[in-house]
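K.L.:
Need coordinates for the below:
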Amino acid sequence: MADIKIDATGLRCPLPVLKMEAALRQMTPGQSLELTTDDPLAKLDIPFYASKNGHLIKALATKGPTTTWLITCQPSQPPKLDDR
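P.N.:
Sure thing, here's the model as predicted:
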């Protein structure tokens, strides 16, 4: 069961990503967010943002254009410095 649920159906990118980002900033590591979207771009943007920021993500269900995601908040990682 998710700690926070957001229904972003009907919203177009970047709004689902912005809502996800705002929720994740309020969460502590280990908490989970259930996010439901129906924007085709969200299928690219949601996993990209989550993985880029170190959060665990999986698609729980897809029915037609609607996808429900489960994102688990992970501790913030410091930016990696270039080894050059």
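
K.L.:
Could you list the low-pLDDT ranges of this protein?
P.N.:
77-84 (pLDDT under 70).

K.L.:
could you pull out the strands for it?
P.N.:
For the chain, the strands defined by DSSP state E cover 4-7, 32-37, 56-63, 66-72.

K.L.:
Next, format the ones you listed as CSV and append distance to Leu18 and mean neighbour count.
P.N.:
For glycine as for every other residue, the C-beta is placed from the backbone atoms N, C-alpha and C. What follows is the strands of the chain, written out as CSV (distance: least, Cβ to Cβ, whole Å; neighbours: other Cβ atoms under 10 Å):
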stretch, distance to Leu18, mean neighbour count
strand 4-7, 11, 16
strand 32-37, 12, 21
strand 56-63, 16, 12
strand 66-72, 14, 20
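
K.L.:
can I get the ones you listed in TSV with distance to Leu15?
P.N.:
Listed next are the strands of the chain as TSV, based on distance: least, Cβ to Cβ, whole Å:
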stretch	distance to Leu15
strand 4-7	11
strand 32-37	9
strand 56-63	18
strand 66-72	15
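
K.L.:
right, and the ones you listed - which one's nearest Gln26?
P.N.:
With Cβ to Cβ as the measure, strand 4-7 is the member of the strands of the chain nearest Gln26 (8.0 Å).

K.L.:
what are the pairing partners of the closest one, and which direction each?
P.N.:
strand 32-37 (parallel) (DSSP bridges).

K.L.:
from the chain's centre, how far out does the partner strand sit?
P.N.:
Put simply, strand 32-37 sits 7 Å off its chain's centre (Cα atoms, centre = their mean, to the nearest Å).

K.L.:
and if you look at stretch 48-55?
P.N.:
Put simply, stretch 48-55 sits 8 Å off its chain's centre (Cα atoms, centre = their mean).

K.L.:
is Leu70 in a bridge, and if so with what?
P.N.:
Glu34, Lys58.
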